[in-house]
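# sequence first, then the predicted structure, then my questions.
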Amino acid sequence: DPNLHKAKGYLMNSINQHNWYGYLGTVDIKSSKELTIQTGLDLRSYTGEHWQEVRNLLGADYVYNTSDKTLDYKNNPSLALKKLGDKINYHYDANVIWYGGFFQTEYKKDELTAYLNTSISNTGYKRLDYFRTDTMPNGRETAVQNFLGYTAKVGANYNLNRSMNVFANFGYYNRAPLYRNVFNNDNSLYSNINNEKVTSMEVGYSYFDRSFRANLNLYWTIWKDRSWYTSTNYTDPVTHASTTYYYNLPGLGANHKGVELDFSWRIIKQIRINGMISIGDWRWTNDVTATYTPENLDTTFVKYVYAKDLKVGDAAQTTGSITINYYPISKTSLSLTYTYFADYYANFSPENRNDPNDRTQPWKLPSYGNLNFHFNMTLPVDLPFDLVLSAHGYNLLDSKYVADAYDPPTHDANATRVWVGLPLRWNVGLQIVY
């Protein structure tokens with residue numbers, strides 16, 4: 001129709017609808033004064049429906065989209081003209097069936113508390129794509145893919161006196177891969193699907209009295225076989241047809257270690273100060289050589305990843321905050337919080353580090369801090385419900401900062417793509433509480 005205008009740009013919604021069902025049953029056994037045992041079953045069923053839809057055509061009449069392969073666009077081209085509310089790009093269900101059991105025992109005597117926790121579970125994944133037909137390669141609905149996982153954790157706490165205690169925890173986790181590392185968008189399975197292996201260790205010290213509490217802990221987490229997928233394009237030398245093969249990178253590991261301190265100090269009845277600091281050192285631990293041979297090809301793909309000692313991106317490895325809380329009268333509070341972020345490396349994918357001579361760390365974002373204000377007051381009115389007045393101010397200093405970034409090939413600020421932090425903003429609200 002010549003009277004209809006095609007959208008050059010448009011807005012869309014990404015919709016995620018979730019349905020959870022489950023059962024958690026436990027049995028507690030008091031075998032003696034010092035020893036308790038708990039065991040049980042954990043059963044869960046989850047379905048997530050995911051799609052995108054046209055939200056705003058920005059003055060146009062339609063957007064052209066042929067993602068739904070169940071429609072006959074050849075004989076009815078108008079089916080590709082999507083209007084407001086029409087589904088586009090993808091529409092699928094992610095189904096997860098989880099069933100498992102756990103066992104925990106705890107021992108308490110005098111100043112010592114110790115525990116052992118173990119679990120085993122099976123995670124089943126399935127994908128149903130509403131934009132595909134049963135006759136297409138890989139079909140419309142996949143078979144269930146099952147992955148067995150287990151955990152083991154031990155720990156102990158010892159009270160030194162009424163105000164101090166020390167603790168230690170050790171755990172091992174053999175975890176099923178994430179859903180996104182199992183199925184590709186065409187319902188095909190990724191190759192090289194492995195469980196993640198995580199070893200964690202933690203030791204700490206706590207102090208507490210009537211007005212002051214503090215916790216100090218050191219942690220070390222070792223990841224192996226991190227779930228990370230990649231792809232390789234193959235061009236047939238005879239037909240020149242191009243095919244993309246998807247597979248996981250086995251063997252990628254990371255170490256997360258650091259120290260954390262938090263405290264709460266009630267100076268007087270009306271004033272409490274909370275604070276925390278976390279200093280971490282998170283790095284990828286190794287280079288990876290991944291090989292993959294498709295079943296239908298006499299060809300082996302080799303992927304080299306050079307990630308050893310690179311900093312993990314997309315999260316600040318050093319953070320700190322201080323909060324002053326003031327309670328002037330009953331049911332009224334004011335708080336002022338300053339939060340600081342440093343050692344924040346830009347987000348990047350290890351799979352793209354393929355040059356053995358490029359060991360440059362990802363671009364490090366400039367350190368920054370934010371000052372926020374919060375006020376809450378329950379109004380002294382005689383009503384059958386409470387009226388709560390609130391006011392909030394964010395980034396009170398109107399700081400200019402980079403909130404997130406992607407690491408460019410040059411690993412510097414000149415070519416990176418960044419998200420600038422939001423400026424000073426505030427809101428006021430009135431809430432009715434029954």
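Sure, I can see it.
# what is the helix or strand of the chain with the lowest mean pLDDT packed up against?
Least confident helix or strand, the chain: strand 242-248 with a mean of 79, by mean pLDDT, DSSP states H and E. For strand 242-248, the packing partners by 3 or more C-beta pairs under 8 Å, 6 or more residues apart in numbering; DSSP states H and E come out as strand 229-235, strand 288-292. Placement of C-beta: from N, CA and C, glycine included.
# what does it contact?
Residues outside strand 242-248 that contact it (C-beta atoms under 8 Å, 6 or more residues apart in numbering) are 177, 181, 184, 188, 190-194, 227-236, 290, 292, 294, 301.
# ok, and the closest non-adjacent residue to Leu100?
Not quite, residue 100 is Gly, not Leu. Closest residue to Gly100 apart from its sequence neighbours, by C-beta to C-beta, 6 or more residues apart in numbering: Ser121 at 2.8 Å.
# brain fart, Ala315
Leaving aside its sequence neighbours, Ala315 sits nearest to Tyr344 (C-beta to C-beta, 6+ apart; 7.1 Å).
# contacts only, for that neighbour.
With C-beta under 8 Å, 6+ apart, Tyr344 has these contacts: 315-317, 364-365, 367.
# same deal with Ser264?
Residues near Ser264 by C-beta under 8 Å, 6+ apart: 212-214, 272-274.
# mind checking the SS state of it?
Following DSSP: H, G, I helix; E, B strand; the rest coil, the label given to Ser264 is strand.
# measure it to Thr291 for me?
Distance, Ser264 to Thr291, by C-beta to C-beta, to the nearest Å: 53 Å.
# distance of Glu351 from Asp358?
Glu351 is 14 Å from Asp358, where distance means C-beta to C-beta.
# ok, the two, which is more surrounded?
Counting neighbours by other C-beta atoms under 10 Å for Glu351 and for Asp358 shows that Glu351 has the greater number, 18 against 11.
# what about the residue nearest to Leu371 when sequence neighbours are not counted, how many residues nearby?
Nearest residue to Leu371, sequence neighbours excluded (C-beta to C-beta, 6+ apart): Leu396, at 4.5 Å. A total of 16 residues lie near Leu396 under the criterion other C-beta under 10 Å.
# list phi and psi for Leu396.
In terms of degrees, to the nearest 10, the main-chain angles of Leu396 are phi -60, psi -30.
# residues contacting it?
Contacts for Leu396 (C-beta under 8 Å, 6+ apart) come out as 371-373, 424.
# show me where pLDDT drops low in this structure?
Residues of the chain meeting the criterion pLDDT under 70: 1, 295-296.
# recalculate using a threshold of 90.
1-3, 30-31, 180-181, 184-186, 188-194, 225-251, 289-303, 351, 434 (pLDDT under 90).
# can you pull the buried residues of the least confident helix or strand of the chain?
Within strand 242-248, the residues that count as buried by 16 or more other C-beta atoms under 10 Å are 245-248.
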